[in-house]
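In: Any chance you could fold what I've pasted below:
(2 chains, ligands or ions: 6)
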Amino acid sequence: MNENDFLIVDNKEIPIEGEQNLLELIRKAKIDLPTFCYHSELSVYGACRLCMVYVEGMGLVPACSTPPSPSMNVKTNTEDIRKMRKIIVELLLANHSQSCPTCQKSTTCQLQALARRLGITEIRFKNQSKNIPVDDSSPSIVRDPNKCVLCGDCVRICSEVQSVGAIDFAHRGANTMVIPSFGKDLDKVECVNCGQCARICPTGALTPKSEVDEVWKVIHDPNKMVVAQIAPAVRVALGEIFGMEPGVTTTGQTAAALRAIGFNRVFDTSFTADLTVIEESNEFIKRIQKNEFIPQFTSCCPAWVKFVEQYYPEFVHNLSSCRSPQQMFGALSKEILAAQTGKKREDIVVVSIMPCTAKKFEAKRPEFIHDGVRDVDHVITTQELGRMIEEAGLNFRELDPESFNLPFGFKTGAGVIFGNSGGVSEAVLRYVTEKLTGEKRESYEFTSTRGENGIREIKISLAGKEFSLATVSGLGNARQVLEKIKSGQAFYDFVEVMACPGGCVGGAGQPVFTNPVVRQKRTKGIYENDRMLELHKSQDNPYINELYTSFLGEVGGHKAHELLHTGYKSRKRIADEGMSLSSSDGEQTIEVNVCFGTGCFLKGAQKLLRDILVHIDTEQLGDKVSVSASFCFEMCEKGPVIRVGDKVIEGCTLEKAALAIEEERQKVLGDKTVNSMQ
Amino acid sequence: METLRKFEKVWEIIDQNGRDSSRLIPILQAVQAEYRYLPEEILTFIATSVGISPARVFGVATFYSLFTLKPKGKYHIRVCNGTACHVKRSMDLHNALQKKLNLRDEKDTTDDMLFTLETVNCLGACGLAPAMVVNEEVYGQLTPERANEIIDDIINAEAHNEQDTHRL
Ligand code: SF4
Ligand code: SF4
Ligand code: SF4
Ligand code: FES
Ligand code: FES
Ligand code: FES
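Out: Ligands and ions are numbered 1, 2, ... in the order given. The predicted structure is shown next:
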């Protein structure tokens, strides 16, 4: 195409500069054409038909999937088009549960906004909405199919960007729905709780699950000491809800608002992010020295952790054993505040304010619950805090700034940049460079870790050794990197992964945004925040150092392990019951259950099963043994796995299986003789 | 061993199709031919074997009407509810059969797996309206009473078969 090519949009000449479709050019003409199913970060789907425009000589075409060509004459507001748009929106509304005032998306819903914009005051079609049950099984996301307009945005972000594919279109015609496989609940399938589907969903069909009511309840309870921790990414986005620019830091107002709402202490998750840097860096140095479990993977993003547990069991030990800053905070603050105030652990309530829906899931992981009390009691998102501030009637922008409580309110810039993709790597580099060389460095920025690419590689030489790092955001990108590591095409010492594109600033709990520019402004805001702080390296945080001397003892020591580290296990993707393959008709049955999950399948479960069945046949055990297949015992790295009775056998071979069956048979026989003797 | 034979057949089908996700529809067809329906665990297994998400496989399996995810009865009754049959009150037939077989809209197969009752849009036998099909056999100009008789005949025939097999 020529440099001077242009086309005409509503009587205005618009230059064509490499745009892929008419929609981009129309937007360049400063016309906000309505769309539901177009997103620059996703493939073009062309289903909603809202973007229809008139092109001379071509008639009506969808702008999102029509390539521009020079001297096209495009009209976006003819009478026909305006009528058609109204009809489309009215039809959508007729199929929609109309509960706007009580909907979580109320102020940000694009369907509602469009109805207003197009001046729709009545719906000429009969209401067809079906009253399908709402799925609130997931700790992170609520799915209300009655509000779905079938734009497919969630389906594409989950499969294209996250490579998870937990939800998809099913059924057809008037019954078409977007649902998890087999219509199961979301918490029974492979969803990693990243919430990106809820971020992109134009309506209230997918929303982050609210914990606001629970939080008000503890705030009103005079026996509880309610403690807030606020994540790095929240501070550069909360203001958007109150009309401020993305990226503007609002820590002072946030602290004031939290106290006005009734929180007893206001702390900063960046403090435990500093702590994470120290623990994780030392773990890294140890692994390098021992040459064990390299690359080390970061573990602060719970969606990423679940992703590894589900899809890459062979890599679970590469995850850093460090808990995420949120969970470190919960464990540590409860322990220390209980000792300081004499309050019982269950009367100290930790509420996190996170940009993230996956953190809600993380807080409920059984490893982080002790004696029925969670380390982190409630997780609310930036959006939810915004709602609480509104409910409390606070004029957020006018609040006199206040500061965080000490000691957990004091952080260095290293703990703040965790909010950006690349931040953890940079923070770790700020520590490791000094630790390995033994020298203090003047500068602190490692700008090579920064940038917009979903996969960035960094090479750095330190104390005579070359290190290679990757910072990744988006789980689809993570999958690519893992596959390369697996096949030996790539080698890294350290890999940082954040599930959300751009990192936590782009989390699904943040104020709703679809334009990537909003996220980029928040990213900038985080780096500015770092620059404004006095200290930039976690090792310089005096309160962290004090914490080690007075309480934790050694880095990576016993106490640190108890409170700051954790473990992982492989995890099945879909809840299922297994499938019976042969059942004995005898009364005493030995149950043999062979894992057929992907992990075990790749390690030869198929042949093993066949061998076992032949064995049963030749040994004439058919009336004593029942065989069934299951999908994943959650020990995939040790496959093939089978279970005989209640004994689990890892790395199973025919010999091991036969032996176990024989042992089980003796046991059954033994029981029998005992029984008959009695 | 029957279930195992079927399961092994599934491996075979997947392998024959090169574990290729673009061959999903032929794979599902072949598997359905084996099981007469598509069991959930088998769909999950197919999804992992060809490397796509179970939700997508489920989507394909529910999109095409030729696939069924529920086991169907031995006798598959389809009552026509096309325009011609509808005006001749074919839904009366359907309701009568539902009542007789103790079925509901959400439960279309009898517990003994003998009957599945469904409606279709036009069997191409409009001249015979109202019409229904049992497996391959078309019955026309029906009344609810006549439809009930047809079912009774099948039940009786089945009972005889049962006795025969028992005598053997
Ligand atoms: S939360 Fe993430 S993984 Fe789960 S369905 Fe949504 S996009 Fe997919
Ligand atoms: S759930 Fe939301 S994003 Fe997904 S198809 Fe429905 S309206 Fe679109
Ligand atoms: S990148 Fe951040 S916001 Fe997104 S899922 Fe991970 S921890 Fe949550
Ligand atoms: S935005 Fe073009 S069809 Fe939906
Ligand atoms: S595949 Fe997970 S234990 Fe077998
Ligand atoms: S309408 Fe019933 S057969 Fe055509």
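In: C-alpha from now on. contacts and neighbour counts both.
Out: Fine.
In: buried set for the helix or strand harbouring A:I8?
Out: Taking DSSP states H and E as the criterion, A:I8 maps to strand A:6-9. Of the residues in strand A:6-9, A:6-9 count as buried by neighbour count, 16 or more other C-alpha atoms under 10 Å in any protein chain shown.
In: what's around the closest residue to A:V308 other than its chain neighbours, how many residues?
Out: Excluding the flanking residues, the one nearest A:V308 by C-alpha to C-alpha, 6 or more residues apart in numbering or on different chains is A:V316, at 6.3 Å. Using other C-alpha atoms under 10 Å in any protein chain shown, A:V316 is surrounded by 23 other residues.
In: again with the one 5 residues further on
Out: Residues within reach of A:S321, counting by other C-alpha under 10 Å, total 22.
In: Kindly report the same for B:N148.
Out: 16.
In: Contact partners for the residue nearest to it when sequence neighbours are not counted?
Out: Counting by C-alpha to C-alpha, 6+ apart, B:N148 lies nearest to B:L97, which is 6.6 Å off, once chain neighbours are set aside. Shown in contact with B:L97 (C-alpha atoms under 8 Å, 6 or more residues apart in numbering or on different chains): B:117, B:144, B:147-148.
In: Tell me which of these fall in strands.
Out: Judged by DSSP state E, these include B:L117 as members of strands.
In: Return the entry from the contacts of B:L97 with the maximum number of neighbours.
Out: Busiest of the contacts of B:L97 [other C-alpha under 10 Å] is B:L117, holding 23 neighbours.
In: Where does the spatially closest residue to A:Q110 that is not a sequence neighbour sit: helix, strand or coil?
Out: Nearest residue to A:Q110, sequence neighbours excluded (C-alpha to C-alpha, 6+ apart): A:P202, at 5.1 Å. When classified by DSSP: H, G, I helix; E, B strand; the rest coil, A:P202 comes out as coil.
In: Quick check: the gap between A:P202 and ligand 4.
Out: 12 Å (C-alpha to the nearest ligand atom, to the nearest Å).
In: And for A:A392?
Out: 38 Å.
In: Check what pLDDT that residue gets.
Out: As predicted, A:A392 sits at a pLDDT of 96.
In: Also the one 5 residues further on?
Out: A:R397 is assigned a predicted lDDT (pLDDT) of 95.
In: ok, it touching A:F242?
Out: Yes: using C-alpha atoms under 8 Å, A:R397 is in contact with A:F242, at 7.1 Å.
In: Next, show the common contact partners of these two.
Out: By C-alpha under 8 Å, 6+ apart, no residue touches both A:R397 and A:F242.
In: could you dump whichever strand or helix holds the residue nearest to B:N148 to CSV, C-alpha only?
Out: Taking DSSP H and E as the criterion, B:L97 maps to helix B:90-101. Presented in CSV, the C-alpha positions along helix B:90-101 are these (Å, rounded to 0.1, in the frame of the first residue of the first chain):
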residue,chain,number,x,y,z
SER,B,90,-49.2,-34.2,17.7
MET,B,91,-48.3,-32.8,21.2
ASP,B,92,-51.3,-34.8,22.5
LEU,B,93,-49.4,-37.9,21.4
HIS,B,94,-46.3,-36.7,23.0
ASN,B,95,-48.0,-35.9,26.3
ALA,B,96,-49.8,-39.2,26.3
LEU,B,97,-46.6,-41.1,25.8
GLN,B,98,-44.7,-39.1,28.4
LYS,B,99,-47.4,-40.0,30.9
LYS,B,100,-47.5,-43.6,29.9
LEU,B,101,-43.7,-44.0,30.2
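In: if you look at it, does any of it touch ligand 6?
Out: No: Helix B:90-101 stays clear of ligand 6 (C-alpha under 6 Å from any ligand atom), getting no nearer than 8.1 Å.
In: Mind listing what's buried along that helix?
Out: B:90-91, B:93-94, B:96-98, B:101.
In: Quick check on the spatially closest residue to A:F271 that is not a sequence neighbour: phi, psi?
Out: Distances taken as C-alpha to C-alpha, 6+ apart put A:K411 closest to A:F271, at 4.8 Å, once the chain neighbours are dropped. Main-chain torsions, A:K411, degrees, to the nearest 10: phi -140, psi 160.
In: And for B:I77?
Out: Torsion angles, degrees, to the nearest 10, at B:I77: phi -100, psi 130.
In: how near is the closest residue to A:V9 other than its chain neighbours to ligand 5?
Out: Nearest non-adjacent residue to A:V9, counting by C-alpha to C-alpha, 6+ apart: A:V74, 4.7 Å away. Going from A:V74 to ligand 5 by C-alpha to the nearest ligand atom gives 55 Å.
In: what residues does the stretch 201-350 of chain A put near ligand 2?
Out: So the stretch 201-350 of chain A meets ligand 2 at A:201-203, A:205-206 (C-alpha under 6 Å from any ligand atom).
In: Make sure A:S321 is actually in contact with A:L563.
Out: No: using C-alpha under 8 Å, A:S321 makes no contact with A:L563, being 11.4 Å away.
In: mind checking the SS state of the spatially most central residue of chain A?
Out: Nearest residue to the geometric centre of chain A (C-alpha atoms, centre = their mean): A:C194, 2.3 Å. Applying three-state DSSP to A:C194 yields a three-state assignment of coil.
In: export the contacts of B:L97 to a markdown table and tack on distance to A:I14?
Out: Shown next, in a markdown table, are these (distance: C-alpha to C-alpha, whole Å):
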| residue | distance to A:I14 |
| --- | --- |
| B:L117 | 60 |
| B:P144 | 69 |
| B:A147 | 69 |
| B:N148 | 71 |
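In: Inside helices: which ones of the contacts of B:L97?
Out: B:144, B:147-148 (DSSP state H).
In: Now distance to A:I230 too, for those, in JSON lines please.
Out: Converted to JSON lines, the ones in helices among the contacts of B:L97 look like this (distance: C-alpha to C-alpha, whole Å):
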{"residue": "B:P144", "distance to A:I230": "69"}
{"residue": "B:A147", "distance to A:I230": "69"}
{"residue": "B:N148", "distance to A:I230": "69"}
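In: now, among the residues you listed, which is nearest to A:I369?
Out: Set against A:I369, the nearest of the ones in helices among the contacts of B:L97 by C-alpha to C-alpha is B:N148 (60.4 Å).
In: List the contacts of that closest one.
Out: B:96-97, B:100.
In: now, which of these sits nearest ligand 3?
Out: For these, the residue nearest ligand 3 by C-alpha to the nearest ligand atom is B:L97; the value is 52.5 Å.
In: Which helix or strand contains the closest residue to A:D400 other than its chain neighbours?
Out: Once flanking residues are discounted, A:D400 sits nearest to A:Q253: 6.4 Å by C-alpha to C-alpha, 6+ apart. Here A:Q253, judged by DSSP H and E, is contained in helix A:251-261.
In: Can you name the next helix or strand after that helix?
Out: Moving toward the C-terminus from helix A:251-261, the next element (DSSP H and E) is strand A:265-268.
In: Please identify the buried residues of the helix or strand that that next one is followed by?
Out: The first helix or strand that comes after strand A:265-268 along the chain, using DSSP H and E, is helix A:269-290. Using 16+ other C-alpha under 10 Å as the burial criterion, the residues of helix A:269-290 that qualify are A:269-284, A:287-288.
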